[in-house]
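Asker: this one's structure only:
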């Protein structure tokens, strides 16, 4: 027996910070601080780059990495999740805002902040209502396909910064088309910086760590240095532009980034804007939540901890609301960043709050240094980061396992690339649900007979079994509900129509986990129609909960036959010739 | 072994008329003709009335009852279904056309014909592609709720004709509001005719037949006379209006109905119109098909015949296409009419073709007689017909059986009444699907133990069973798929997190009919995370088809534990102390 929860325990359910803050000690502080330093170093270039990917001023990325982290530290349940701007959500933000057709940068920033607010409210409400299951409507293959396609879209969208040409669009054909069209604008110096930075970052990711290890560095120091690669790329290219005045030769730079605290911003409360952004915010919320919760779960399991998905919704929701009022845009838990945080030894969500302090210091002190930072370098960090998301193996794996899953993932990839992120993820959800309903609407039904000398029943098409022409036993391998109720009716009528020898039909319900009202009415109808044909209907092996429910209505009174506890009882009663032989 | 089908048999599959026309003899002809006469008498006032309900000229009801019946006789598989205009589809036609905001009667007629064409094409294509299962997405309670709410809407919409006032709207509040607003326009003579006709028709339905039987008439003749009640009401009130010149005192009459063959009409081929009508046509197709096929199935079963749902789609589809090119509007199989046809002895679809001849004669000869027919009389026939559709018992039955079904039916009724037929039926479908997914996303999972002295396993919460703290056995009562994959993960982590004694987890899969790719990945993840916690994962009682699929991927290689054929094998291997006692 669990004792009734105290007020404090009830409160801690909604405010997980109460669970860990009490036992916070010097050791934990040291671990969290180290993790925060490493994540801060990683997050500065990432947050700038993702803001540009979202089509927003670079500083919005920094602002989205301060208060949201503090909010998550208070309300989130994962001890290692690092929240902030991430690639896929930034791309979705860009798509959502582009739908509005705004041109004024100030309006775009307000729209992005409003998107964060709506998304934050959706997440928080879902969490408080314990509706986290809605995220389950995204099947794993659909998510995998969507992330892969998004990675390709993101990398392609950054090629314009690498090459220094203009390009627009939210689909692969549009992006590639406009890149080819404008390739003549390419600025050689930008391209040199972009290609060099990309090559350097790939090398850091693949080649640097082994080199450092061979040079005698400890594994941990090698790791930290590797994570600092993007910072090095940022520093070197910024210095180059500044020293050589490359911005006067066509290299696009970040330019002035305001110095200071994040501003207090007011999202727009405009009914039209809210209704235009609602579906986008819903998709962003669900994608962001699914990504975040799976990282959080993976990391929690490694320490035999647990996260509470519904409370995670509240944590991410408040983080987004915090982003919306402090000049940020939609955020969620980042995969790479959280793994780094975990590996660096983060023990509690306080590490996130310390990271927020780090980013705050950067916003207060470092922004002047970013003036000469080339956009090509930021694009390079994005490309290297997102290409690790691209993984077509899901196509091969689903093809081998289930063609239905393959169809869903292939459609998601093609539609995301061809029609953009929102079309892709919507189609993926609709297809997953539709194909599932289609499968369950045509359940496997086997006509079974008795395996001689046993009490077991097997498919008459696959096994040598004893049957009786007057007795048809159908084993239904699915719950009975509205989508397959008619199928069952058709199946039974097809089986008995024209077969004058049939006198008894037994439905073997060992795999029937539920019978809904539609299926109940179908059974009543089957019972009535079989009666009209002079055939008796029986059930066998009905599960306890299903039987409980059947007892609540008149079906059992009207049933022409009997409910047998086991199929063997049924055959002994209805076809003594067969059952008798074994008994 | 079935012999391979001949060309004729293959053709007969698509043209069911070939199956019965060959054996057609004098007796069948006599039966079919009698049935046709009775149905014609019933159909004339109905077809006029339903056309008015649809907001169309009365003659369109007649036209919709001629060629469509011939088309269904050729392509349909039911021997008793009587096709034509029906109440619910007429109401849905009115709603669909009202959405377009047309005012010109000629445009409205073309739109209704186009709706029939689109609906006919949808039905035919679904039939040829064997996609009849889409109709299954409407659960029985949702249909019942929808029909009940539609009946109320239809009856309310006819009150304006009964009272002789103007009223508009497609929802109950709008209809009642505009009735109250305009009640001052009420024309007493119209109201007297309307109320008298309604009262008379109710009396015919409830009181006449017993009276005739007591007067010594045969049951069959009494039935025919009862069905002729609406014709009598039409004849008497028409004569009254003509004789007393009541139309000059404010009684609305049908007026001029063109005499002659149905016109050849060309539906509009306008992309905008088609896209505006498409969703309405889809809903009309599905509702019409569901209604029609359930009547057809009920009647077929009484004679141990069968219908082919996919071919029914083709039959109804061609009937609608026929309606669209001969001045008609959407049609389907009518419930009351088909029962009359069946009871009157119809043996083959030829009865439908003979009914078409009867209606054709009416269109050629009787239309001048309809000039003085009061609209109030037609409204009375509609009200009496549709009130038999209204049946709130579905609310009580679903409440007792399943609260989920109750929620779906209540929402369908409220939304249909409050927001119209299209909103109602759409919400019903979405709710049915959503609630089903919700239920399956939180499957019943029972932790089971060994019933002492047996090889059976039962829920530890409900039974006295033997357990072993190091061994957790979970029986999952649902197929594993994307919507419940995460639930299972959470459930298992919750169970083992913090319980240091657990060494083995067994998933008992006797009720798992499928494991999709998402669930497979969840299992892989569970396997990996349990391994990180030092726990071994096992499966037991995996079904053949599920096992076949698991063998196609790497899961079984990576599984830390074993797949046991039976749960009893599992407990003997993993907890010899318990299994041993019984063995």
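Answerer: That came through fine. All of these numbers come straight from a predicted model, not from anything done at the bench. Residues are numbered from 1 along each chain as shown, chains lettered A, B, ... in the order given.
Asker: so the nearest residue to residue A:308 once chain neighbours are set aside, which state does it fall into?
Answerer: Using C-beta to C-beta, 6 or more residues apart in numbering or on different chains and skipping residues adjacent in sequence, the residue nearest residue A:308 is residue A:77, 4.7 Å away. Quick note: C-beta positions are derived from backbone N, CA and C, even for glycine. Following DSSP: H, G, I helix; E, B strand; the rest coil, the label given to residue A:77 is coil.
Asker: check the one 4 residues further on too.
Answerer: Of the three states, residue A:81 takes coil according to three-state DSSP.
Asker: run a quick neighbour tally on it.
Answerer: 33 (other C-beta atoms under 10 Å in any protein chain shown).
Asker: check contacts around the residue most central in space within chain A.
Answerer: Centrality entry for chain A: nearest residue to the mean C-alpha point is residue A:290, 3.0 Å, by C-alpha atoms, centre = their mean. Residue A:290 sits next to A:135, A:138, A:143 when contact means C-beta atoms under 8 Å, 6 or more residues apart in numbering or on different chains.
Asker: circling back to that earlier point, how far away is the residue nearest to residue A:308 from residue A:316?
Answerer: To residue A:316, residue A:77 is 11 Å away according to C-beta to C-beta, to the nearest Å.
Asker: with residue A:126 instead?
Answerer: For residue A:126 relative to residue A:316 (C-beta to C-beta), the value is 10 Å.
Asker: before we move on, back to that, what about chain B: which of the contacts of residue A:290 touch it?
Answerer: A:135, A:138 (C-beta under 8 Å from any C-beta of the partner chain).
Asker: out of the contacts of residue A:290, who's nearest residue B:359?
Answerer: Minimum distance to residue B:359 across the contacts of residue A:290 is 53.2 Å, recorded for residue A:138 (C-beta to C-beta).
Asker: let's see the pLDDT reported for the closest residue in space to that closest one that isn't next to it in sequence.
Answerer: The shortest distance from residue A:138 to any non-neighbouring residue, by C-beta to C-beta, 6+ apart, is to residue A:290 (5.5 Å). Here, the pLDDT recorded for residue A:290 equals 86.
Asker: contact partners for residue A:261?
Answerer: Counting by C-beta under 8 Å, 6+ apart, residue A:261 has contacts A:360, A:363, A:364.
Asker: let me know the closest of those to chain B.
Answerer: Among the contacts of residue A:261, residue A:360 lies closest to chain B (C-beta to the nearest C-beta), at 34.5 Å.
Asker: quick one: mean pLDDT over the one helix or strand that closest one maps to.
Answerer: Residue A:360 belongs to helix A:350-361 when assigned by DSSP states H and E. The average of the pLDDT scores along helix A:350-361 is 93.
Asker: same check, this time on stretch A:494-505
Answerer: Computed over stretch A:494-505, the average pLDDT equals 87.
Asker: so how far is residue B:511 from the residue of the stretch 1-150 of chain A found nearest chain B?
Answerer: Nearest to chain B in the stretch 1-150 of chain A, going by C-beta to the nearest C-beta, is residue A:139, at a distance of 3.3 Å. The gap separating residue A:139 from residue B:511 is 21 Å, by C-beta to C-beta.
Asker: more neighbours: which of those two?
Answerer: Between residue A:139 and residue B:511, counting by other C-beta under 10 Å, residue A:139 is the more crowded of the two (31 against 21).
Asker: how many neighbours does the closest residue to the more buried one other than its chain neighbours have?
Answerer: Spatial nearest neighbour of residue A:139, chain neighbours left out: residue B:482 (3.3 Å); criterion: C-beta to C-beta, 6+ apart. Look at residue B:482: counted by other C-beta under 10 Å, it has 28 neighbours.
Asker: any idea of the pLDDT on residue B:482?
Answerer: Looking at residue B:482, its pLDDT is 84.
Asker: who's in contact with it?
Answerer: A:136, A:137, A:138, A:139, A:140, A:142, A:432, A:436, B:516, B:517, B:518, B:519.
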